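Peer 1: structure for the following, please:
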Amino acid sequence: MHAPTTPELLKAIGFLCCYCHTPMTCELPPTREHLLPKSRIQSPLSHADSGRNISFACAPCNQEKADRTLIEFLEYLIERSDHRAANVAGVIRSYAKRKLFHLCAADDGDPQAGEASP
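Peer 2: You can find the predicted model right below:
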């Protein structure tokens with residue numbers, strides 16, 4: 001039995017882009033995606049690179065999202081009638097269920113913004 005290749009491993013684990021759900025391959029490798037962009041985090045004590053703020057996306061989706069928050073990216077996709085809007089809404093719902101609202105929108109200066117209720 002041979003050691004699995006990268007494409008075989010990616011296929012085996014079903015590694016999908018969090019936005020377009022395209023399978024990751026050697027031709028379309030996964031990129032680290034900051035759900036709340038590092039450029040939009042105002043607190044020096046934040047954990048921009050924590051596991052909660054990191055997902056994986058294909059390079060085209062990651063580049064298109066750019067420095068948008070998840071909410072802004074959803075609005076951008078809806079304006080363009082892009083089918084990925086449903087997937088982004090699913091990511092937002094997933095984070096809302098786990099009370100991680102602060103990863104969906106940037107802090108606008110309001111000390112209560114992005115905090116979940118206990």
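Peer 1: average pLDDT across the lengthiest helix in the chain?
Peer 2: If you go by DSSP state H, the chain has its longest helix at helix 84-97. Mean per-residue pLDDT for helix 84-97: 89.
Peer 1: if I look at Ala3, what pLDDT would I see?
Peer 2: Note for Ala3: predicted pLDDT of 55.
Peer 1: in contact with Phe15, which residues?
Peer 2: Pro23, Met24, Pro30, Phe56 (C-beta atoms under 8 Å, 6 or more residues apart in numbering). Bear in mind the C-beta positions are built from the backbone N, C-alpha and C, glycine included.
Peer 1: highest neighbour count among the residues you listed?
Peer 2: Among the contacts of Phe15, the one with the most neighbours (other C-beta atoms under 10 Å) is Met24, at 22 neighbours.
Peer 1: isn't it up against Ala59?
Peer 2: No - if you go by C-beta atoms under 8 Å, Met24 and Ala59 don't touch, sitting 10.1 Å apart.
Peer 1: can you show me the strands along the protein?
Peer 2: 30-34, 54-58 (DSSP state E).
Peer 1: and among the ones you listed, the most buried is which?
Peer 2: For those, ranked by mean neighbour count under the definition mean count of other C-beta atoms under 10 Å, the leader is strand 54-58 at a mean of 20.
Peer 1: re earlier: any chance of the strands of the chain in a markdown table, plus mean pLDDT and distance to Ala66?
Peer 2: Listed next are the strands of the chain as a markdown table, based on pLDDT from 0 to 100; distance: least, C-beta to C-beta, whole Å:
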| stretch | mean pLDDT | distance to Ala66 |
| --- | --- | --- |
| strand 30-34 | 84 | 11 |
| strand 54-58 | 84 | 12 |
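Peer 1: export the ones you listed as JSON lines, with columns for distance to His83.
Peer 2: Listed next are those as JSON lines, based on distance: least, C-beta to C-beta, whole Å:
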{"stretch": "strand 30-34", "distance to His83": "18"}
{"stretch": "strand 54-58", "distance to His83": "14"}
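Peer 1: out of those, which comes closest to Glu64?
Peer 2: With C-beta to C-beta as the measure, strand 54-58 is the member of these nearest Glu64 (9.3 Å).
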